[in-house]
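Colleague: kindly generate the corresponding structure for this input.
(2 chains)
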Amino acid sequence: MKIVIINYGAGNIQSIRFAIERLGYEAVLSNDVEEIKSADKVIFPGVGEASSAMKMLKATGLDAVIPTLTQPVLGICLGMQLMCNYSEEGDTKGLGIFNVDVKRFENIVKVPQIGWNQIKGLGSKVFNDVKEGAYMYLVHSYYAPITKETIATTEYGVQYSTALQKDNFYGLQFHPEKSSTDGAKILNNFLNM
Amino acid sequence: MLAKRIVPCLDIKNGRTVKGVNFVDLRDAGDPVELAKKYAETGADELVFLDISATEERRRTLVNLVRDVAAQVNIPFTVGGGISSVEDVDILLQNGADKVSINSSAVKRPELVNELAQKFGSQCVVVAIDAKQIDGDWVVHLVGGKVPTDLNLFDWAKEVEQRGAGEILFTSMNNDGTKDGFANEALARLSEELNIPIIASGGAGNVQHFIDTFKYGKSDAALAASVFHFQEIEIPDLKQELKKEGIPVRV
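Modeller: Numbering: from 1, shown residues only, chains lettered A, B, ... in the order given. As a prediction, the model looks like this:
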């Protein structure tokens, strides 16, 4: 199986690669369009600020390529947010895969949310063997509201989408690579789609 | 519900853990990777590695350690100690650290907080503050609490929040090493005056101290070293007790 992690300069991609290696697979880091198109599974990571990450994506032409991919694609954290229509962070137009606009948490809660929170309403086979209410590690200031593409929700001052799915595209707000054994299960489920 | 975090802290010197780690069931308790894996397996929510080496080799040794931890440990970790530039942070994050903690370097050059937040995002910038209460005032100290500054804890914490810090790690020098409990009054005030997570440090001696810092200190996370390293408190037991008290924890 060929797993490609999109390497466009945003975020902690070593951790994802190591998590995949712990599951017994190898992953390639790449920003090459042909290499990404030929992969069996594509992981789209991202940590940092939305508008600068989007600029880096545009600089490599990947903004046009990602929405056309047909194999399973997994966006993580900012990667998931960039797959949405729009983000309030840096007034950023997204890739438009998920039909939802990303908003900032209101100041009724501490921002960023940092730590372990529960995922509920699990509605996808990517959550096979993961219990309702399992804890996942999250670090973020912006969130995707609930939409018809929501496959898991979390509560932090507001109920929001911690996971989204549309066709072959999956998005996780939490970090499966940092979420202990349950996170590893989710990553493994995705790799076995 | 967002869980309160339990954070063991490992002091590292020349790539090895120091400060009398005494784990009976570990082959090599001086190996930070082995200890980190043990903590991750027993339910630690996060780890902090504080590098106290002062050799020429320190940076290379620390980068290798970060890489080994990232390869083998499946929970987030923060690295601190001697970090003073964007370049220092870049190499640690590239090798798999989730967050960095800065202390003296932020006091000496507060713009560093802005630079790190802009380049890497607030979520990976922890500002550690050591403070001592002197005649009622909380005074920020440097060099492990030895050197007083002109800064007040609350003013400095607010300033670094505005500059882009994602979390505050507050160590009370009055409480550190006493095993008498955390500085909950000051912690609660930090939580009320700031809108970023606060990690309590200094004073953990028993389970009740953790209950108190989450209930009365309004802390988001609690850090401790010796009570965990000497197995005076086992993390699974601690979490069960916190849960009984109605404190949200990941079990």
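Colleague: show me where the chain has helices.
Modeller: Looking at chain A here, since you left the chain open. Secondary structure of chain A (DSSP state H): helices at A:13-22, A:33-37, A:50-59, A:62-65, A:78-82, A:180-191.
Colleague: wait, chain B was what I had in mind.
Modeller: Using DSSP H, helices in chain B cover B:32-41, B:58-72, B:86-94, B:104-108, B:111-120, B:153-163, B:184-193, B:207-215, B:226-229, B:235-244.
Colleague: between those helices, which one is closest to chain A.
Modeller: Of all the helices of chain B, the one in closest proximity to chain A, counting by Cβ to the nearest Cβ, is helix B:58-72 (4.6 Å). Every C-beta, even on glycine, is put in place using the N, C-alpha and C of the backbone.
Colleague: what's the angle from that closest one to helix A:13-22?
Modeller: 40 degrees (axes from the mean of the first three to the mean of the last three Cα atoms, to 10 degrees).
Colleague: by contact count, what packs against helix B:58-72?
Modeller: Using 3 or more Cβ pairs under 8 Å, 6 or more residues apart in numbering or on different chains; DSSP states H and E, the elements in contact with helix B:58-72 are helix A:13-22, helix B:32-41, strand B:47-51, strand B:77-80, helix B:86-94.
Colleague: same thing but at 10 Å, please
Modeller: helix A:13-22, strand B:5-13, helix B:32-41, strand B:47-51, strand B:77-80, helix B:86-94 (3 or more Cβ pairs under 10 Å, 6 or more residues apart in numbering or on different chains; DSSP states H and E).
Colleague: picking up where we left off before, okay, the helices of chain B in TSV with mean pLDDT next?
Modeller: As requested, the helices of chain B are exported to TSV (pLDDT from 0 to 100):
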stretch	mean pLDDT
helix B:32-41	94
helix B:58-72	91
helix B:86-94	92
helix B:104-108	96
helix B:111-120	93
helix B:153-163	98
helix B:184-193	98
helix B:207-215	98
helix B:226-229	91
helix B:235-244	98
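Colleague: picking that back up, need the winner for burial among the helices and strands packed on helix B:58-72.
Modeller: Stretch with highest mean neighbour count among these: strand B:77-80 (a mean of 25; mean count of other Cβ atoms under 10 Å in any protein chain shown).
Colleague: one step back: in a markdown table, list the helices and strands packed on helix B:58-72 along with distance to A:T162.
Modeller: Below are those laid out as a markdown table (distance: least, Cβ to Cβ, whole Å):
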| stretch | distance to A:T162 |
| --- | --- |
| helix A:13-22 | 17 |
| strand B:5-13 | 18 |
| helix B:32-41 | 22 |
| strand B:47-51 | 23 |
| strand B:77-80 | 22 |
| helix B:86-94 | 24 |
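Colleague: and the closest residue to B:F154 other than its chain neighbours, what is it in contact with?
Modeller: Leaving aside its chain neighbours, B:F154 sits nearest to B:E193 (6.0 Å; criterion: Cβ to Cβ, 6 or more residues apart in numbering or on different chains). Shown in contact with B:E193 (Cβ atoms under 10 Å, 6 or more residues apart in numbering or on different chains): B:F154, B:D155, B:A157, B:K158, B:E161.
Colleague: any chance of the residues you listed in CSV, plus neighbour count?
Modeller: Below are the contacts of B:E193 laid out as CSV (neighbours: other Cβ atoms under 10 Å in any protein chain shown):
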residue, neighbour count
B:F154, 19
B:D155, 11
B:A157, 26
B:K158, 15
B:E161, 20
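Colleague: which one of these sits closest to A:E26?
Modeller: Taking Cβ to Cβ as the measure, A:E26 lies nearest B:E161 of the contacts of B:E193, at 41.3 Å.
Colleague: show me where chain A has its strands.
Modeller: A:3-6, A:27-30, A:41-44, A:73-76, A:84-87, A:92-93, A:98-104, A:113-118, A:135-140, A:142-143, A:150-155, A:159-166, A:169-172 (DSSP state E).
Colleague: mind checking which of these is nearest B:L93?
Modeller: The nearest among the strands of chain A, by Cβ to Cβ, is strand A:135-140 at 12.9 Å.
Colleague: residues of the stretch 51-200 of chain B that sit close to chain A?
Modeller: B:66-67, B:69-77, B:93-99, B:117-124, B:126, B:166-167, B:191, B:194-199 (Cβ under 10 Å from any Cβ of the partner chain).
Colleague: now these: which count as buried?
Modeller: Burial by neighbour count, judged by 16 or more other Cβ atoms under 10 Å in any protein chain shown, picks out B:66-67, B:69-71, B:73-77, B:93, B:95-99, B:117-124, B:126, B:166-167, B:191, B:194, B:196-199 from these.
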